[in-house]
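Colleague: here is my input, please return the structure:
(chains A and B)
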Amino acid sequence: MALAADLVKDVVPTVTVLRTLPISTPCGLPATAEAMLTRLIDILPHGPVFGDYDVDDGFVHIADDSISLECLTLAGHRACARYGALFTGIAHTVTIPVSTIRAITVAIKDQK
Amino acid sequence: MKPIPIPRLSSFSTAIADVTKRRDDMGAQIVAAEKERHETILAIHRRGILESPPPTEPAALRVSRLLGEAPPPIVPESRAQLAEMAQRIFDLKAAWAILDARLKVEQSKANAHALAVVAPEYRKRIRAVCEALRGVHAANVELHAFTNALDNEGIAWASLGIVAPNAVGNPGNPYSPAGQYLKDAADQGFIERNEIPESIRQ
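Modeller: Here you go, the predicted model:
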(Lines give C-alpha, C1' and ligand atoms only; values in the text may rest on other atoms or scores of the structure.)
Protein backbone atom coordinates (compact mmCIF):
# COMPACT_ATOMS: atom_id res chain seq x y z
CA MET A 1 0.00 0.00 0.00
CA ALA A 2 2.85 2.33 0.80
CA LEU A 3 3.99 2.04 -2.82
CA ALA A 4 1.08 4.28 -3.79
CA ALA A 5 2.47 7.19 -1.75
CA ASP A 6 4.29 9.86 -3.73
CA LEU A 7 6.67 10.81 -0.93
CA VAL A 8 7.95 9.17 2.24
CA LYS A 9 5.97 11.67 4.33
CA ASP A 10 2.81 10.55 2.51
CA VAL A 11 3.26 6.89 3.38
CA VAL A 12 1.40 6.78 6.68
CA PRO A 13 -1.65 8.81 5.60
CA THR A 14 -1.81 6.91 2.27
CA VAL A 15 -1.72 3.53 3.99
CA THR A 16 -4.30 4.70 6.53
CA VAL A 17 -6.67 5.76 3.74
CA LEU A 18 -6.10 2.71 1.54
CA ARG A 19 -6.50 0.07 4.22
CA THR A 20 -10.01 1.26 5.08
CA LEU A 21 -11.28 1.50 1.50
CA PRO A 22 -14.69 -0.23 1.26
CA ILE A 23 -15.49 -2.75 -1.43
CA SER A 24 -17.14 -1.18 -4.50
CA THR A 25 -17.95 -4.30 -6.52
CA PRO A 26 -20.10 -6.77 -4.60
CA CYS A 27 -18.36 -10.09 -5.17
CA GLY A 28 -18.16 -11.95 -1.88
CA LEU A 29 -14.66 -10.78 -0.96
CA PRO A 30 -13.83 -9.16 2.42
CA ALA A 31 -15.41 -5.74 3.05
CA THR A 32 -12.25 -3.62 3.22
CA ALA A 33 -9.04 -3.46 1.21
CA GLU A 34 -6.96 -4.34 4.25
CA ALA A 35 -9.07 -7.41 5.03
CA MET A 36 -8.92 -8.51 1.39
CA LEU A 37 -5.13 -8.17 1.19
CA THR A 38 -4.65 -9.89 4.54
CA ARG A 39 -6.79 -12.81 3.40
CA LEU A 40 -5.04 -12.89 0.02
CA ILE A 41 -1.64 -13.14 1.71
CA ASP A 42 -3.00 -15.94 3.91
CA ILE A 43 -4.25 -18.07 1.03
CA LEU A 44 -1.55 -17.47 -1.58
CA PRO A 45 1.05 -19.95 -0.29
CA HIS A 46 -1.60 -22.68 -0.32
CA GLY A 47 -3.40 -22.17 -3.62
CA PRO A 48 -4.99 -19.84 -6.14
CA VAL A 49 -8.67 -19.98 -5.07
CA PHE A 50 -9.91 -16.78 -3.43
CA GLY A 51 -13.69 -16.75 -3.12
CA ASP A 52 -15.05 -17.05 -6.65
CA TYR A 53 -11.70 -16.06 -8.12
CA ASP A 54 -8.65 -17.86 -9.45
CA VAL A 55 -5.94 -15.30 -8.68
CA ASP A 56 -3.04 -17.34 -10.10
CA ASP A 57 -2.17 -14.88 -12.88
CA GLY A 58 -3.85 -11.83 -11.40
CA PHE A 59 -2.69 -8.32 -10.53
CA VAL A 60 -3.25 -5.89 -7.66
CA HIS A 61 -3.56 -2.29 -8.87
CA ILE A 62 -3.00 0.33 -6.17
CA ALA A 63 -3.95 3.98 -6.84
CA ASP A 64 -4.18 6.74 -4.23
CA ASP A 65 -7.93 6.27 -3.85
CA SER A 66 -8.58 2.69 -4.91
CA ILE A 67 -7.24 -0.85 -4.85
CA SER A 68 -8.28 -3.41 -7.45
CA LEU A 69 -7.74 -7.13 -7.68
CA GLU A 70 -7.76 -8.07 -11.36
CA CYS A 71 -7.83 -11.80 -12.07
CA LEU A 72 -9.97 -14.62 -13.46
CA THR A 73 -13.21 -15.88 -12.00
CA LEU A 74 -13.32 -19.61 -11.35
CA ALA A 75 -15.30 -19.83 -14.56
CA GLY A 76 -12.43 -18.29 -16.51
CA HIS A 77 -13.73 -14.74 -17.05
CA ARG A 78 -11.43 -11.77 -16.58
CA ALA A 79 -12.79 -9.82 -13.60
CA CYS A 80 -11.91 -6.96 -11.31
CA ALA A 81 -12.81 -6.59 -7.63
CA ARG A 82 -12.43 -2.94 -6.69
CA TYR A 83 -12.12 -1.15 -3.37
CA GLY A 84 -12.66 2.61 -3.14
CA ALA A 85 -13.20 4.87 -6.14
CA LEU A 86 -14.73 3.05 -9.10
CA PHE A 87 -12.96 5.16 -11.68
CA THR A 88 -9.54 6.56 -10.91
CA GLY A 89 -9.06 8.40 -14.19
CA ILE A 90 -5.40 9.11 -14.79
CA ALA A 91 -4.37 8.56 -11.16
CA HIS A 92 -0.87 7.18 -10.64
CA THR A 93 -1.25 3.41 -10.25
CA VAL A 94 1.17 0.80 -8.99
CA THR A 95 0.58 -2.69 -10.36
CA ILE A 96 1.89 -5.75 -8.55
CA PRO A 97 1.51 -9.25 -10.04
CA VAL A 98 -0.10 -11.69 -7.63
CA SER A 99 2.76 -14.08 -8.43
CA THR A 100 5.16 -11.53 -6.93
CA ILE A 101 3.06 -11.25 -3.77
CA ARG A 102 3.02 -15.06 -3.56
CA ALA A 103 6.80 -15.27 -3.94
CA ILE A 104 7.25 -12.79 -1.09
CA THR A 105 4.74 -14.52 1.19
CA VAL A 106 6.31 -17.93 0.52
CA ALA A 107 9.80 -16.53 1.21
CA ILE A 108 8.63 -14.98 4.50
CA LYS A 109 6.82 -18.20 5.47
CA ASP A 110 9.98 -20.24 4.75
CA GLN A 111 12.04 -17.89 6.94
CA LYS A 112 9.66 -18.42 9.82
CA MET B 1 36.52 -33.51 -41.73
CA LYS B 2 36.93 -35.85 -38.79
CA PRO B 3 33.61 -36.56 -37.03
CA ILE B 4 33.40 -34.69 -33.73
CA PRO B 5 32.71 -36.94 -30.73
CA ILE B 6 30.26 -34.84 -28.71
CA PRO B 7 29.24 -36.49 -25.42
CA ARG B 8 25.57 -36.48 -24.45
CA LEU B 9 24.72 -34.73 -21.17
CA SER B 10 22.51 -37.66 -20.23
CA SER B 11 25.54 -39.97 -20.35
CA PHE B 12 26.92 -38.19 -17.26
CA SER B 13 23.77 -38.44 -15.15
CA THR B 14 21.15 -41.16 -15.01
CA ALA B 15 18.90 -38.72 -13.14
CA ILE B 16 18.48 -36.44 -16.19
CA ALA B 17 16.38 -38.90 -18.17
CA ASP B 18 14.33 -39.82 -15.10
CA VAL B 19 13.62 -36.22 -14.02
CA THR B 20 12.96 -35.13 -17.61
CA LYS B 21 10.36 -37.87 -17.99
CA ARG B 22 8.70 -37.00 -14.67
CA ARG B 23 8.66 -33.28 -15.53
CA ASP B 24 7.22 -33.91 -19.01
CA ASP B 25 4.60 -36.25 -17.57
CA MET B 26 3.67 -33.50 -15.13
CA GLY B 27 3.45 -31.05 -18.06
CA ALA B 28 1.09 -33.43 -19.85
CA GLN B 29 -1.05 -33.63 -16.71
CA ILE B 30 -1.22 -29.82 -16.59
CA VAL B 31 -2.41 -29.69 -20.20
CA ALA B 32 -5.00 -32.40 -19.49
CA ALA B 33 -6.21 -30.63 -16.33
CA GLU B 34 -6.52 -27.28 -18.16
CA LYS B 35 -8.47 -29.03 -20.91
CA GLU B 36 -10.73 -30.70 -18.35
CA ARG B 37 -11.38 -27.36 -16.63
CA HIS B 38 -12.21 -25.72 -19.95
CA GLU B 39 -14.62 -28.51 -20.89
CA THR B 40 -16.21 -28.39 -17.44
CA ILE B 41 -16.82 -24.66 -17.72
CA LEU B 42 -18.39 -25.15 -21.15
CA ALA B 43 -20.58 -27.95 -19.82
CA ILE B 44 -21.70 -25.83 -16.86
CA HIS B 45 -22.53 -22.98 -19.22
CA ARG B 46 -24.53 -25.35 -21.39
CA ARG B 47 -26.54 -26.33 -18.34
CA GLY B 48 -27.05 -22.59 -17.75
CA ILE B 49 -26.25 -22.61 -14.06
CA LEU B 50 -23.11 -20.53 -14.08
CA GLU B 51 -22.69 -16.75 -14.12
CA SER B 52 -23.16 -15.47 -17.64
CA PRO B 53 -21.87 -12.80 -17.77
CA PRO B 54 -19.96 -13.00 -14.46
CA PRO B 55 -21.87 -11.40 -11.54
CA THR B 56 -18.78 -9.48 -10.42
CA GLU B 57 -18.83 -7.31 -13.52
CA PRO B 58 -20.39 -3.88 -12.81
CA ALA B 59 -22.07 -3.90 -16.24
CA ALA B 60 -23.82 -7.21 -15.49
CA LEU B 61 -24.96 -5.87 -12.13
CA ARG B 62 -26.33 -2.66 -13.66
CA VAL B 63 -28.19 -4.57 -16.35
CA SER B 64 -29.63 -6.99 -13.77
CA ARG B 65 -30.75 -3.99 -11.70
CA LEU B 66 -32.52 -2.50 -14.73
CA LEU B 67 -34.25 -5.81 -15.26
CA GLY B 68 -35.20 -5.96 -11.61
CA GLU B 69 -33.46 -9.28 -11.27
CA ALA B 70 -30.52 -10.54 -9.25
CA PRO B 71 -27.63 -11.78 -11.38
CA PRO B 72 -27.48 -15.58 -11.48
CA PRO B 73 -25.00 -16.77 -8.83
CA ILE B 74 -22.56 -19.63 -9.19
CA VAL B 75 -24.24 -22.68 -7.74
CA PRO B 76 -22.24 -24.18 -4.84
CA GLU B 77 -21.50 -27.48 -6.62
CA SER B 78 -20.01 -25.69 -9.62
CA ARG B 79 -17.94 -23.43 -7.39
CA ALA B 80 -16.54 -26.38 -5.44
CA GLN B 81 -15.77 -28.31 -8.62
CA LEU B 82 -14.08 -25.35 -10.32
CA ALA B 83 -12.18 -24.42 -7.17
CA GLU B 84 -10.89 -27.99 -6.89
CA MET B 85 -9.76 -27.90 -10.52
CA ALA B 86 -8.01 -24.54 -10.09
CA GLN B 87 -6.28 -25.87 -6.99
CA ARG B 88 -5.18 -29.06 -8.78
CA ILE B 89 -3.75 -27.08 -11.71
CA PHE B 90 -1.93 -24.84 -9.24
CA ASP B 91 -0.47 -27.88 -7.44
CA LEU B 92 0.56 -29.53 -10.73
CA LYS B 93 2.33 -26.34 -11.81
CA ALA B 94 4.12 -26.15 -8.46
CA ALA B 95 5.26 -29.77 -8.83
CA TRP B 96 6.36 -29.11 -12.43
CA ALA B 97 8.43 -26.12 -11.28
CA ILE B 98 10.17 -28.24 -8.63
CA LEU B 99 11.01 -30.97 -11.17
CA ASP B 100 12.21 -28.35 -13.66
CA ALA B 101 14.50 -26.85 -11.02
CA ARG B 102 15.85 -30.33 -10.18
CA LEU B 103 16.45 -31.00 -13.86
CA LYS B 104 18.45 -27.79 -14.20
CA VAL B 105 20.62 -28.84 -11.23
CA GLU B 106 21.24 -32.27 -12.78
CA GLN B 107 22.01 -30.70 -16.17
CA SER B 108 24.41 -28.30 -14.51
CA LYS B 109 26.25 -31.13 -12.75
CA ALA B 110 26.42 -33.17 -15.97
CA ASN B 111 27.61 -30.08 -17.83
CA ALA B 112 30.58 -29.80 -15.48
CA HIS B 113 31.58 -33.41 -16.31
CA ALA B 114 31.05 -32.82 -20.03
CA LEU B 115 33.27 -29.74 -19.96
CA ALA B 116 36.12 -31.77 -18.50
CA VAL B 117 35.79 -34.19 -21.43
CA VAL B 118 35.52 -31.66 -24.25
CA ALA B 119 38.01 -29.08 -22.92
CA PRO B 120 41.16 -30.62 -24.53
CA GLU B 121 39.54 -30.78 -27.98
CA TYR B 122 38.25 -27.22 -27.64
CA ARG B 123 41.74 -26.03 -26.62
CA LYS B 124 43.28 -27.91 -29.53
CA ARG B 125 40.97 -26.25 -32.04
CA ILE B 126 41.47 -22.73 -30.63
CA ARG B 127 45.23 -23.28 -30.82
CA ALA B 128 44.85 -24.43 -34.45
CA VAL B 129 43.07 -21.14 -35.27
CA CYS B 130 45.87 -19.21 -33.50
CA GLU B 131 48.52 -21.13 -35.44
CA ALA B 132 46.75 -20.44 -38.75
CA LEU B 133 46.42 -16.76 -37.80
CA ARG B 134 50.15 -16.59 -37.11
CA GLY B 135 50.75 -18.00 -40.63
CA VAL B 136 48.39 -15.40 -42.13
CA HIS B 137 50.19 -12.71 -40.12
CA ALA B 138 53.58 -13.84 -41.48
CA ALA B 139 52.26 -13.73 -45.06
CA ASN B 140 50.76 -10.31 -44.35
CA VAL B 141 54.14 -9.04 -43.11
CA GLU B 142 55.77 -10.20 -46.34
CA LEU B 143 53.04 -8.66 -48.49
CA HIS B 144 53.36 -5.30 -46.71
CA ALA B 145 57.17 -5.41 -46.92
CA PHE B 146 56.91 -6.01 -50.66
CA THR B 147 54.35 -3.27 -51.39
CA ASN B 148 56.26 -0.84 -49.14
CA ALA B 149 59.43 -1.54 -51.15
CA LEU B 150 57.50 -0.91 -54.37
CA ASP B 151 56.22 2.37 -52.91
CA ASN B 152 59.77 3.37 -51.95
CA GLU B 153 60.84 2.89 -55.54
CA GLY B 154 57.89 4.98 -56.75
CA ILE B 155 56.35 2.05 -58.62
CA ALA B 156 52.59 2.55 -59.00
CA TRP B 157 51.37 -0.98 -58.39
CA ALA B 158 47.68 -0.27 -57.74
CA SER B 159 46.69 -1.33 -61.25
CA LEU B 160 47.82 -4.85 -60.34
CA GLY B 161 44.80 -4.95 -58.03
CA ILE B 162 44.60 -3.95 -54.37
CA VAL B 163 43.52 -6.92 -52.28
CA ALA B 164 44.47 -5.86 -48.77
CA PRO B 165 43.77 -8.46 -46.05
CA ASN B 166 41.70 -6.01 -44.02
CA ALA B 167 40.12 -8.78 -41.98
CA VAL B 168 43.57 -9.52 -40.52
CA GLY B 169 44.58 -5.88 -40.18
CA ASN B 170 47.84 -4.03 -40.43
CA PRO B 171 50.74 -6.38 -39.52
CA GLY B 172 52.29 -3.68 -37.30
CA ASN B 173 49.12 -2.88 -35.34
CA PRO B 174 48.72 -4.77 -32.01
CA TYR B 175 45.06 -3.71 -31.95
CA SER B 176 44.34 -5.23 -35.38
CA PRO B 177 41.71 -8.02 -35.51
CA ALA B 178 44.49 -10.65 -35.59
CA GLY B 179 46.33 -9.03 -32.68
CA GLN B 180 43.14 -8.74 -30.63
CA TYR B 181 42.16 -12.37 -31.25
CA LEU B 182 45.58 -13.68 -30.24
CA LYS B 183 45.57 -11.43 -27.15
CA ASP B 184 42.16 -12.83 -26.10
CA ALA B 185 43.44 -16.38 -26.64
CA ALA B 186 46.50 -15.64 -24.49
CA ASP B 187 44.45 -13.93 -21.77
CA GLN B 188 42.31 -17.09 -21.50
CA GLY B 189 45.31 -19.39 -21.41
CA PHE B 190 44.97 -21.05 -24.83
CA ILE B 191 48.40 -19.83 -25.96
CA GLU B 192 51.41 -18.25 -24.26
CA ARG B 193 51.85 -14.53 -24.66
CA ASN B 194 55.23 -15.06 -26.34
CA GLU B 195 53.46 -17.09 -29.04
CA ILE B 196 51.94 -13.84 -30.32
CA PRO B 197 54.13 -12.30 -33.06
CA GLU B 198 56.02 -9.39 -31.53
CA SER B 199 54.75 -6.79 -33.99
CA ILE B 200 51.13 -7.38 -32.96
CA ARG B 201 51.73 -8.20 -29.26
CA GLN B 202 50.02 -5.75 -26.87
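
Colleague: and the residue nearest the centre of chain A?
Modeller: By CA atoms, centre = their mean, the mean C-alpha position of chain A lies nearest to A:Val60, the distance being 4.3 Å.

Colleague: distance from the chain centre to the helix or strand harbouring that one, please.
Modeller: For A:Val60, the host element (DSSP states H and E) is strand A:53-62. Distance of strand A:53-62 from its chain centroid, counting by CA atoms, centre = their mean, to the nearest Å, is 7 Å.

Colleague: kindly report the same for stretch B:125-143.
Modeller: Taking CA atoms, centre = their mean, one finds stretch B:125-143 lying 32 Å from the centre of the chain it belongs to.

Colleague: quick one: buried residues of it?
Modeller: Residues of stretch B:125-143 classed as buried by neighbour count (16 or more other CB atoms under 10 Å in any protein chain shown): B:Ile126, B:Cys130, B:Leu133, B:Arg134, B:His137, B:Asn140. Glycine gets a C-beta too; all of them are placed from N, C-alpha and C.

Colleague: chain A against chain B: which residues are in contact?
Modeller: Residues of chain A lying close to chain B (CB under 8 Å from any CB of the partner chain) are A:25-27, A:47-49, A:52, A:54, A:56, A:73-77, A:79-81, A:86.

Colleague: which ones among the residues you listed lie within helices?
Modeller: Among the residues of chain A next to chain B, no member is found in helices (DSSP state H).

Colleague: filter those to the buried ones?
Modeller: The neighbour count (16+ other CB under 10 Å) marks A:25, A:27, A:47-49, A:52, A:54, A:56, A:73-77, A:79-81 as buried among those.

Colleague: do the longest helix along chain B and chain A come into contact?
Modeller: Looking across chain B with DSSP H, the single longest helix is helix B:76-152. Yes - Helix B:76-152 reaches chain A (CB under 8 Å from any CB) through B:Ser78, B:Arg79, B:Leu82, B:Ala83, B:Ala86, B:Gln87, B:Ile89, B:Phe90, B:Asp91.

Colleague: out of the residues you listed, which are buried?
Modeller: Among those, those scoring as buried are B:Ser78, B:Arg79, B:Leu82, B:Ala83, B:Ala86, B:Gln87, B:Ile89, B:Phe90 (criterion: 16+ other CB under 10 Å).

Colleague: any chance of TSV for those, columns pLDDT?
Modeller: Below are those laid out as TSV (pLDDT from 0 to 100):
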residue	pLDDT
B:Ser78	78
B:Arg79	80
B:Leu82	89
B:Ala83	91
B:Ala86	93
B:Gln87	94
B:Ile89	95
B:Phe90	94
